[in-house]
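Chemist: generate a structure from the sequence data that follows.
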Amino acid sequence: MSERTPVAVPSASPEMAARLAANRAGRLTASQRRLALIAGLGALIIFLCPVAMLVQMGALLLWGDAPVSTLAGVVFTILGALFVMMFAGLVGVNALTFLPEAFMRQPVRFARGPLQIRITEGHRPELPFSYLIGDYSFAPYVAPGDVPMRVGAPYVVYYAARSRLLLSLAALDAPDATQWEPLGQPGE
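Modeler: Presented below is the predicted three-dimensional model:
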């Protein structure tokens, strides 16, 4: 009968340690805040394009010399307006998700628990499975390369409150685990 030797869990890398320290305190790092601002402002700028198109269409119909309407022209205009509104809605959701996150008082939440793997139902080659820690799940391609992912091992994960983006992750059985323990209750 052979005994298993315990796997040595490495301490957090310097980059991860810096993110963990800020996230544990409930703050975003400068690069995490910059990413939220870029995503939010970029979406807001893109959002201006469909809004400008809708305003132009409305102005042309109300005050311009619109050509005589045909059934095909009306259907094309309605479908175009629906497409533009759908696009505006998708882009607007990104702006409303990321911009407030950059300025929130408590933009970071956390989950703690054993790592589990949830197999995706159906045939989905783009996401065959996801990692699950507590009530937070994330895709395998999002997991940091410097943290070994061991099923059943305890972890703490810090994520963005609105967008739920993975910010930092630490194994709770690592030598430096006590300094990454959350300060509040899960989901705060």
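
Chemist: contacts, neighbours, all on C-alpha from now
Modeler: OK.

Chemist: in the chain, which spans are helices?
Modeler: 14-24, 30-63, 71-103 (DSSP state H).

Chemist: as CSV, the ones you listed with mean pLDDT, distance to residue 132 and mean neighbour count would be great.
Modeler: Below are the helices of the chain laid out as CSV (pLDDT from 0 to 100; distance: least, C-alpha to C-alpha, whole Å; neighbours: other C-alpha atoms under 10 Å):
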stretch, mean pLDDT, distance to residue 132, mean neighbour count
helix 14-24, 92, 19, 18
helix 30-63, 83, 22, 15
helix 71-103, 82, 22, 16
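
Chemist: with distance to residue 151 added, can I get those in TSV?
Modeler: Shown next, in TSV, are the helices of the chain (distance: least, C-alpha to C-alpha, whole Å):
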stretch	distance to residue 151
helix 14-24	20
helix 30-63	27
helix 71-103	31
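
Chemist: which one, of those helices, ends up nearest to residue 173?
Modeler: Minimum separation from residue 173 across the helices of the chain (C-alpha to C-alpha) falls at helix 14-24, 15.1 Å.

Chemist: which other helices and strands does that closest one contact?
Modeler: Judged by 3 or more C-alpha pairs under 8 Å, 6 or more residues apart in numbering; DSSP states H and E, the packing partners of helix 14-24 are strand 154-160, strand 166-171.

Chemist: mind redoing it with 10 Å?
Modeler: Identification of packing neighbours for helix 14-24 by 3 or more C-alpha pairs under 10 Å, 6 or more residues apart in numbering; DSSP states H and E yields helix 30-63, strand 108-119, strand 154-160, strand 166-171.

Chemist: just put the ones you listed in TSV and tack on distance to residue 182.
Modeler: Formatted as TSV, the helices and strands packed on helix 14-24 follow (distance: least, C-alpha to C-alpha, whole Å):
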stretch	distance to residue 182
helix 30-63	19
strand 108-119	7
strand 154-160	8
strand 166-171	11
